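Asker: When you get a sec, could you give me coordinates for this:
(chains A and B)
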2 protein chains.
Amino acid sequence: MSKKNNNQDKLLIFALGGVGEIGKNMYVIQYNNDIVVVDSGLKFPEEDMLGIDIVIPDISYLTENRDKVRAILITHGHEDHIGGLPYVLRHLNVPVYGTKLTLGLIEGKLKEAGLLGETKRILINADSEIQLGAIRASFFKTNHSIPDSVGVCLDTPEGIVVHTGDFKFDHTPVNDQFADLQRIAEIGSRGVLALLSDSTNAERPGYTPSESKVGDELEDIFRKSTQRVVVATFASNVHRIQQIINASIATRRKIAVVGRSMVNVVGIASELGYLNIPEGMLIEPEEVNKLAADRVVILCTGSQGEPMSALTRMARSTHRKVDILPGDTVIIAATPIPGNERYVGRTVDELFKLGANVIYGPGSVSGVHVSGHGSQEELKLMLNLIKPKYFIPIHGEYRMLRLHGRLGESIGIDKENIFIVENGDTVEFQGGAGRKGSKVPAGNVLIDGLGVGDVGNIVLRDRKLLSQDGILVVVVTLSKQDGTILSGPDIISRGFVYVRESEGLLDEANRIVTSTLNKLMNDKVNEWASLKTNVKDALGRFLYEQTRRRPMILPIIMEV
Amino acid sequence: MSKKNNNQDKLLIFALGGVGEIGKNMYVIQYNNDIVVVDSGLKFPEEDMLGIDIVIPDISYLTENRDKVRAILITHGHEDHIGGLPYVLRHLNVPVYGTKLTLGLIEGKLKEAGLLGETKRILINADSEIQLGAIRASFFKTNHSIPDSVGVCLDTPEGIVVHTGDFKFDHTPVNDQFADLQRIAEIGSRGVLALLSDSTNAERPGYTPSESKVGDELEDIFRKSTQRVVVATFASNVHRIQQIINASIATRRKIAVVGRSMVNVVGIASELGYLNIPEGMLIEPEEVNKLAADRVVILCTGSQGEPMSALTRMARSTHRKVDILPGDTVIIAATPIPGNERYVGRTVDELFKLGANVIYGPGSVSGVHVSGHGSQEELKLMLNLIKPKYFIPIHGEYRMLRLHGRLGESIGIDKENIFIVENGDTVEFQGGAGRKGSKVPAGNVLIDGLGVGDVGNIVLRDRKLLSQDGILVVVVTLSKQDGTILSGPDIISRGFVYVRESEGLLDEANRIVTSTLNKLMNDKVNEWASLKTNVKDALGRFLYEQTRRRPMILPIIMEV
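Answerer: Numbers count the residues shown, from 1 in each chain, chains lettered A, B, ... in the order given. Below is the predicted model:
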């Protein structure tokens, strides 16, 4: 501790992303002039963010305090924890800390973004301790659906803050990647001021099953399948991939890896030693047809029914290298993320139509998927291991945070010491006491193509309008001298009606615009604004009466 | 039988809607010149049908054979079975048969559509028998999430065809509405040629729990709640509503009914004797605040998070009559239909923020919802009761039909006698043998406002494009004499970029259009088509380079 606590000394904790939502995780722990950031994720756009590619947090608090930011600590290599880095690092060049696999995945991203050279990357392991100004960071191993996940313990002069990262408790983990129960318990016994804990599965009673259960089921299916087996899963789920490899070995099958991100992750993970793949196990997709059908596994992306993914292309018979054949077994080893159900359903339908036997559905039915996040009993176990004085549920929609908060109450945390926060809400600690502080700027930054933040509410509102009933453009050229109509009005529509079947309607629309304009001319109304408003109103009224639709109407007046 | 079978005699079975999808159910059974239609439903638009309100089947087969259509038999009063009637009856004035509650709900619709007077409506009950040309129709009671549901038995000269309607087997039904197991068994013992059976829950192992389980749970929650209880459920789920009434009676609460369709259904169902509501039980929403909080239940719509529904408005604090107060218990007695998860999630979040205790989630967790469709064991029970020679799974997406087909195999139906069909695929029966026949026209008719079928693929493609990156309109006025630019080019964008922050981009775009046009003029290119194409290409290329976006570009050339 560089100086004694005084009235000005303060610990601040807040989220810039990750609470009230699933995605774009970014948490900030600040003690006086030292800021530590945990994670830097992206979010995929919600259904009302039309045309948006990805969403990242507003980091203006960090850029305004750039001299105080000591580090970005990354808990694990999932997109909602690392995907924002290429954007954030462009504005905030600070060191990034991560475990081996996590850094491996980050480096791929930074290379693509041209930021690899200028970014300081620091490798940590579960035994690392790092001094970041007044804050000392250490780590503990957790179980999650990607190897090398850690939780973070931050010793501050005000007390210990623990951030769990994403976690479950898997007592029979793949590749012996045990969570470090002893260290977590030991941190708890030192007395923890505040816990930030993963709320993803706070709605689920009981325990999340072990990943190794999936392995047994996979081997069983592989063995019973008399033809090829196709398995789709998340590329980042290295444990799952290891189990697919193990089941393939046990059933004497070779594996073709298909899909860009799957090839990428299998490459990085095996290079770094997180995947154990025997020599000669992998074959090229082109070699699939050279082997007997019951000697082949195709490991691919597309478990969410993503339109451009390998499995979706195979299901639509548009994949360049792999066809689905009648009798193939296709395993979708994942549960649809809310919003993707229909995409997955359609993929399953197409696969069935091709004659495949498809194994899919919730993990509890299919047996080929388990969640990477702990359910209620595991969340209580974490709470009881850490025994924090204050509790801030993170990583979840509001209702999940709320239910997680209740679990905190149930194990004996004071209700007033549980903070359900929104992005930007700060919790302040002084003299061992915490309270809600002021708000810092927080929000969504929308990325559309190369544009970062140039699409806002007005643009989105227009896209929404355009998507519903289309647009009518009304163009007319007026004489500068006397305001008479020299050309037009011409009406062009897109996304409104099928023009060939609606000629009568559009002709009548034209007459209405012409008579509206003529009337205005006679009345000597010739300010453009009022011409436009009148045309818009008259045409809008007519079209609504005729069609009960409200297309966008764009009047354009040219003068020569 | 009016005449002996001969080589021309033929029984045809096909779906115009309802297979390969959930929704717009419409099945056709034709024996020679007699057509019987079962159900006439609508479907809600899929996510790529932008701006569309509802979808109905293409009925051109029926209108082309209008003199043969004897009846539309309706199995029950859900929208996906009756919602198409107002559109279909406009083109096909045939008698509609239904049970009391079903006709009650249909009459409300026809009144709104101004079709009540001209439509022949014929009341049936489970004992009715009707001769429809060569086809004799009878009915059997089933259990479903709306009272007065029936299955249909069609005696044709070629054999018996059974259509289950939507069903589950509930051995402890609400209001003693038992399925008629004896009659179903008796039909089976007569020998059934073909069974058409509900596949909605063919993916679910086991049995669907009884509706009465929900009643116990509701009463328990009502009793434990110390303040007001708000329950949202499907308006048409009259059994559920009865149980909410019963739980209210047991806990001495009065009920305010809120939401247009809920008020409507409670009115019709109680008038027709399907709801048992004691005198003085119902109160007006305005009276809610006059009673003690623990004496009140608010029964409302909005269980799917529909933006305009009562519960959603309450959750957003925009309902005119009802506020959610801290401590209120809100029960969402429904499971989100795929695609609605996020809407429901958002409503739950808002309710929690208002301080309500929200009970929600899958029925297996919340206890306050069960499905109205039978699971695999019930589907097998139906198959074994009917023991059909041929089996056509209906009412489901392709994968559900396929899995239902497998259940048919598992109880001993020949694989070749199971037909997995798409809308319009006919199955032909002659001399007791069935085979796939030719296709009849079938498809989606999209309804957008007053327009029926005037929105097709081109319009939808344009709406999609517009929704992604917006539109740029480029207008220029040229001289008729010499082709010089008299005015413009003007560029107006909507839904593309936030204009104030992108002036430079749009200025540069303008320069590119001008120079493109000038170059073409110099080269004496002056056909409009090629001017437009060149402007579109040059501008599109520039914008993609600068923004990685592809807005729609609409060049408009005026001549004076």
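
Asker: tell me the pLDDT at A:Pro336?
Answerer: We note a pLDDT of 88 for A:Pro336 in this prediction.

Asker: my bad, should have said A:Asp48
Answerer: pLDDT, A:Asp48: 86.

Asker: Then the one 3 residues further on?
Answerer: On pLDDT, A:Gly51 comes in at 90.

Asker: and it, what element?
Answerer: Using DSSP states H and E, A:Gly51 sits within no helix or strand.

Asker: try the one 10 residues further on
Answerer: Assigned by DSSP H and E, A:Tyr61 belongs to helix A:60-64.

Asker: Buried residues, that helix. List them.
Answerer: Judged by neighbour count using 16 or more other Cβ atoms under 10 Å in any protein chain shown, the buried positions of helix A:60-64 are A:61-62. Glycine gets a C-beta too; all of them are placed from N, C-alpha and C.

Asker: how about the CA coordinates for that helix, as PDB?
Answerer: What follows is helix A:60-64, C-alpha atoms only, in PDB (Å, rounded to 0.1, in the frame of the first residue of the first chain):
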ATOM      1  CA  SER A  60     -15.200   6.800 -23.100                       C
ATOM      2  CA  TYR A  61     -14.600   6.500 -19.400                       C
ATOM      3  CA  LEU A  62     -11.400   4.600 -20.100                       C
ATOM      4  CA  THR A  63     -10.100   6.800 -22.800                       C
ATOM      5  CA  GLU A  64     -10.800   9.900 -20.600                       C
END
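
Asker: quick one: average pLDDT of stretch A:520-538?
Answerer: What stretch A:520-538 shows for mean pLDDT is 84.

Asker: Same question for stretch A:542-558.
Answerer: 92.

Asker: end to end, how far does that stretch reach?
Answerer: Distance across stretch A:542-558, first residue to last, is 24 Å (Cα to Cα, to the nearest Å).

Asker: neighbouring contacts of the least confident helix or strand in chain A by mean pLDDT?
Answerer: Least confident helix or strand of chain A, by mean pLDDT, DSSP states H and E, is strand A:451-452 with a mean of 80. Applying Cβ atoms under 8 Å, 6 or more residues apart in numbering or on different chains, the contact partners of strand A:451-452 are A:56, A:87, A:445, B:497, B:547-549.

Asker: which one of these is nearest A:Asn237?
Answerer: Nearest to A:Asn237 among these: A:Ile56, at 23.5 Å, using Cβ to Cβ.

Asker: tell me the contacts of the closest residue to the closest one other than its chain neighbours?
Answerer: Take A:Ile56 and drop its neighbours on the chain: the residue closest to it by Cβ to Cβ, 6 or more residues apart in numbering or on different chains is A:Gly84, 4.3 Å away. By Cβ under 8 Å, 6+ apart, the contact set of A:Gly84 is A:17, A:24, A:26, A:40-42, A:56-57.

Asker: Between these, identify the one with the most neighbours.
Answerer: Highest neighbour count within those: A:Ser40, with 31 neighbours (other Cβ atoms under 10 Å in any protein chain shown).

Asker: thinking that residue is in contact with A:Ile74, fair?
Answerer: Yes - using Cβ atoms under 8 Å, A:Ser40 is in contact with A:Ile74, at 7.1 Å.

Asker: Find residues that contact each of these two.
Answerer: A:81-82.

Asker: so where does A:Leu110 fall, helix or strand?
Answerer: helix A:100-112.

Asker: any idea how far that helix is from the chain center?
Answerer: Chain-centre distance of helix A:100-112: 17 Å, with Cα atoms, centre = their mean, to the nearest Å.
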